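Asker: Structural data only, the sequence is not supplied:
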DNA sequence: TTTGCACTGTTATTATTTTAACAGCATGTA
DNA sequence: TACATGCTGTTAAAATAATAACAGTGCAAA
């Protein structure tokens, strides 16, 4: 019975929050804080202190009474949970505006999660670098993914190419796919899939705005 | 007691799926289909037929036995639920890659949800048009939001400007905010807020890929 | 006309996630 | 030493969401 918890069974939402806690904590650390209370973390994330404590309980971290949680320790612990020790190489499929936004956003920030390649079908883009990331032809996708040991693929192509790109990624042996197009894809069980659709989110906002407007009448 | 349902109490997840159903249905309509079964919708969205039927039950729509659902009728009904009759004008704050990606993505597609303005602090961008959307200075944000009756703001600025921009939007009387920066914002109760953090999602994918790798050992 | 089939619509159950309640304890104070 | 304070850690309850179970029904084939 080691201290190793079965992190595999952590709730999905807890995983998401841990990632957010860590980023908040890194900022706090920059401000020369060493300890933090659950209600402080909660305030930053706009959630309740209970939820913070519950999440930390689930990962088996204990704070000091009346001092709060040691920021550095907590950052390190979250790292051992979320990060892969050797790092996970990532690629962007589709170097349009969205793909380039993601590259700018991510590159350099997360040492354990590096973007090491980009792909596109547009000949004008192939061969160029964007924020330091080389854009290659889709034709070389399989080869480069294997060569560079890429584990995660982010799809940011136009909707009508989504299925094809997802298939190519799966065939190349990718382990995780993050699909930012509105077209749902199907992948084998051994590939982890996360999908996010911006139009849906915007329409959701529109719905609740509409409801609030009608409420007032 | 009209036929008007209390759509206000629909589950959040149902709202999201309705948006997705509609887009799938629009594609089916283009292919000259007139009716569709729950299991067909389910297949497109990679969910279960039960969930589709349950969602449609919640919005009070009945299909025809052995014929399925009338696509046009369903599209129209979803429209009356999600869309605001007069439309809701939308703006993008931050015309970087992400902002421009969203504009390209959304403009023209959703007639009831039009992007009518863009803002940035960069003088090189101000005055230019991107995919037909005029980029204005943040200084004119308040004026333009009121003039153009803008109800929804999408924030795509660098992280350190998030809070300031959200405040400006709130002050200008915006009704809904969609925040794509990793910095959480706080808004008054009368403003609907939706936040999405790409780094968190990517780290989540990384976590589950890591778990799958460890599983195999 | 009867029987089986393939759907829908609804209720019941289970799983997941959030929120509430509260016991326990180190510190500060009298 | 006793007691209040303000935190943590944990269990209990409630809310939300997904899944399962199944009754009802019109069409098609026999």
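Answerer: Received the coordinates, thanks. Fair warning: this is a prediction, and the values are worked out from it, not measured in the lab.

Asker: Tally up the residues packed near residue A:49, please.
Answerer: Using other C-beta atoms under 10 Å in any protein chain shown, residue A:49 has 14 neighbouring residues. (Glycine included, C-beta is placed from N, CA and C.)

Asker: Please read off the pLDDT at it from the model.
Answerer: Residue A:49 is assigned 97 on the pLDDT scale.

Asker: Please apply the same query to the one 10 residues further on.
Answerer: What the model reports for residue A:59 is a pLDDT of 96.

Asker: For it, which residues are in contact?
Answerer: If you count contacts by C-beta atoms under 8 Å, 6 or more residues apart in numbering or on different chains, residue A:59 has them with A:5, A:7, A:10, A:14, A:18, A:77-78, A:81.

Asker: Mind checking which of these are in helices?
Answerer: A:14, A:18, A:77-78, A:81 (DSSP state H).

Asker: before we move on, the earlier item: of the contacts of residue A:59, list those near chain B.
Answerer: A:7, A:81 (C-beta under 8 Å from any C-beta of the partner chain).

Asker: Is it possible to mark the buried ones in the contacts of residue A:59?
Answerer: A:7, A:10, A:14, A:18, A:77-78, A:81 (16 or more other C-beta atoms under 10 Å in any protein chain shown).

Asker: what about the residue of chain A found nearest DNA strand D, is that helix, strand or coil?
Answerer: Nearest to DNA strand D, among the residues of chain A, is residue A:62, at 2.9 Å (C-beta to the nearest atom of the strand). Put simply, residue A:62 is coil when judged by DSSP: H, G, I helix; E, B strand; the rest coil.

Asker: Can you give me the neighbour number for it?
Answerer: 10.

Asker: give the contact list for it.
Answerer: residue A:56.

Asker: Now do it, the pLDDT please.
Answerer: 93.

Asker: ok, now residue A:6?
Answerer: pLDDT at residue A:6 comes out at 78.

Asker: Same question for the one 5 residues further on.
Answerer: Looking at residue A:11, its pLDDT reads 97.

Asker: hang on, it packs against residue A:57?
Answerer: No: using C-beta atoms under 8 Å, residue A:11 is not in contact with residue A:57, being 12.0 Å away.

Asker: Check the contact lists of the two and give me the overlap.
Answerer: Between them, residue A:11 and residue A:57 share no contacting residue under C-beta under 8 Å, 6+ apart.

Asker: how close does residue A:212 get to DNA strand C?
Answerer: 19 Å (C-beta to the nearest atom of the strand, to the nearest Å).

Asker: didn't that residue look like it was pressed against residue B:190?
Answerer: Yes: with contact defined as C-beta under 8 Å, residue A:212 and residue B:190 form a contacting pair (6.9 Å).

Asker: got any residues that touch both of those two?
Answerer: Common neighbours of residue A:212 and residue B:190, using C-beta under 8 Å, 6+ apart, are residue B:175.

Asker: Show me which residues of chain A are close to DNA strand C?
Answerer: Contacts of chain A with DNA strand C, taken as C-beta under 7 Å from any atom of the strand, map to A:11-14, A:47-48, A:50-51, A:54, A:65-66.

Asker: So which of those is the closest to residue B:34?
Answerer: Among those, residue A:12 lies closest to residue B:34 (C-beta to C-beta), at 38.5 Å.

Asker: OK, contacts around that closest one?
Answerer: When contacts are counted by C-beta under 8 Å, 6+ apart, residue A:12 touches residue B:204.

Asker: can you check residue A:71 too?
Answerer: Listed by C-beta under 8 Å, 6+ apart, the contact partners of residue A:71 are A:25, A:28-29, A:33-36.

Asker: Would you mind giving the dihedral angles phi and psi of it?
Answerer: Taking degrees, to the nearest 10, you get phi -60, psi -50 for the backbone angles of residue A:71.

Asker: Tell me the spacing between it and residue B:132.
Answerer: Using C-beta to C-beta, to the nearest Å, one gets 47 Å for the distance from residue A:71 to residue B:132.

Asker: number of nearby residues for whichever residue of chain A sits closest to DNA strand C?
Answerer: Nearest residue of chain A to DNA strand C (C-beta to the nearest atom of the strand) works out as residue A:11 at 3.1 Å. Neighbours of residue A:11 under the rule other C-beta under 10 Å: 11.

Asker: Near DNA strand D, which residues of chain A are found?
Answerer: Within reach of DNA strand D by C-beta under 7 Å from any atom of the strand, chain A has these residues: A:37-39, A:49-50, A:53-54, A:56-57, A:61-63, A:65-66, A:68-69.

Asker: which of the residues you listed tops the neighbour count?
Answerer: Counting by other C-beta under 10 Å, top hit in these: residue A:69 with 24 neighbours.

Asker: Is residue A:22 located within a helix, as I assumed?
Answerer: Yes: Residue A:22 forms part of a helix when assessed by three-state DSSP.

Asker: surely it meets residue A:75?
Answerer: Yes: counting by C-beta under 8 Å, residue A:75 is a contact partner of residue A:22 at 5.7 Å.

Asker: Looking at these two, which one has more neighbours?
Answerer: The neighbour comparison of residue A:22 against residue A:75 (other C-beta under 10 Å) goes to residue A:22, with 22 against 16.

Asker: Can you tell me the closest non-neighbouring residue to the more buried one?
Answerer: Sequence neighbours aside, residue A:78 is the residue nearest to residue A:22 in space, at 4.5 Å (criterion: C-beta to C-beta, 6 or more residues apart in numbering or on different chains).

Asker: where along chain A do the helices fall?
Answerer: Under the criterion DSSP H, chain A contains helices at A:12-30, A:38-45, A:49-58, A:71-82, A:97-106, A:141-147, A:162-171, A:198-216.
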